[in-house]
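Chemist: Here is my input, please return the structure:
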Amino acid sequence: MKEMAKKSVADRFLSYMKRYHTGSEKAIKTDELAEIYKLEPQTLQSMVHRLRLDGYPICGDRDGYFYASSPDDIKYTAKWLMNMGYQVQNTACAMLMAAELDKNAATVLNDVRRVIVTL
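Modeler: Down below sits the predicted model:
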């Protein structure tokens, strides 16, 4: 008799989420899931990202991950993710502006030093 192929971590994760964590009221934290599956939290987050890209409705927010129980769960998570993306973009823009200001400040400081030296 042939042995059944071992399920991948992603397959086991999906089965677990569907069975025990369907709906936002049953969200589970990243660290708890990482411990269950013996993964680093970043590895778990990457796996969830890939599963979402493959069309699996893994939802989440500050309370943790959960399997969607309705289209509203998916819409809620999509909005939450978009908001996070906007926040990251705003931070990146602020960093670029700070770099420009710093560059301009350095130029002004060098100009002031040149003036002082010539006095």
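Chemist: can you tell me which residues contact S15?
Modeler: Applying CB atoms under 8 Å, 6 or more residues apart in numbering to S15 gives the contacts K7. Bear in mind the C-beta positions are built from the backbone N, C-alpha and C, glycine included.
Chemist: What does it show for phi and psi?
Modeler: phi -60, psi -40 (degrees, to the nearest 10).
Chemist: Give me the pLDDT for it.
Modeler: With respect to pLDDT, S15 scores 97.
Chemist: Same check on the one 5 residues further on?
Modeler: Here the pLDDT value assigned to Y20 is 98.
Chemist: Pretty sure it sits against E32.
Modeler: No. Between Y20 and E32 there is no contact under CB atoms under 8 Å: 11.2 Å.
Chemist: what's the spacing between A27 and E100?
Modeler: Counting by CB to CB, to the nearest Å, the gap from A27 to E100 is 40 Å.
Chemist: Mind telling me what element M47 is part of?
Modeler: helix 41-53 (DSSP states H and E).
Chemist: Give me the mean pLDDT for stretch 75-91.
Modeler: 91.
Chemist: Apologies, that question was intended for stretch 99-107.
Modeler: Across stretch 99-107, the average pLDDT comes to 71.
Chemist: In the protein, which residue is most central in space?
Modeler: By CA atoms, centre = their mean, the chain has its centre lying nearest to Q45, at 6.8 Å.
Chemist: Let me know whether it touches T30 as I believe.
Modeler: Yes. With contact defined as CB under 8 Å, Q45 reaches T30; the gap is 6.5 Å.
Chemist: Now do the helix ranked longest in the chain: which elements does it pack against?
Modeler: Using DSSP state H, we find that the single longest helix of the chain is helix 71-118. Where contact means 3 or more CB pairs under 8 Å, 6 or more residues apart in numbering; DSSP states H and E, helix 71-118 is packed against strand 58-61.
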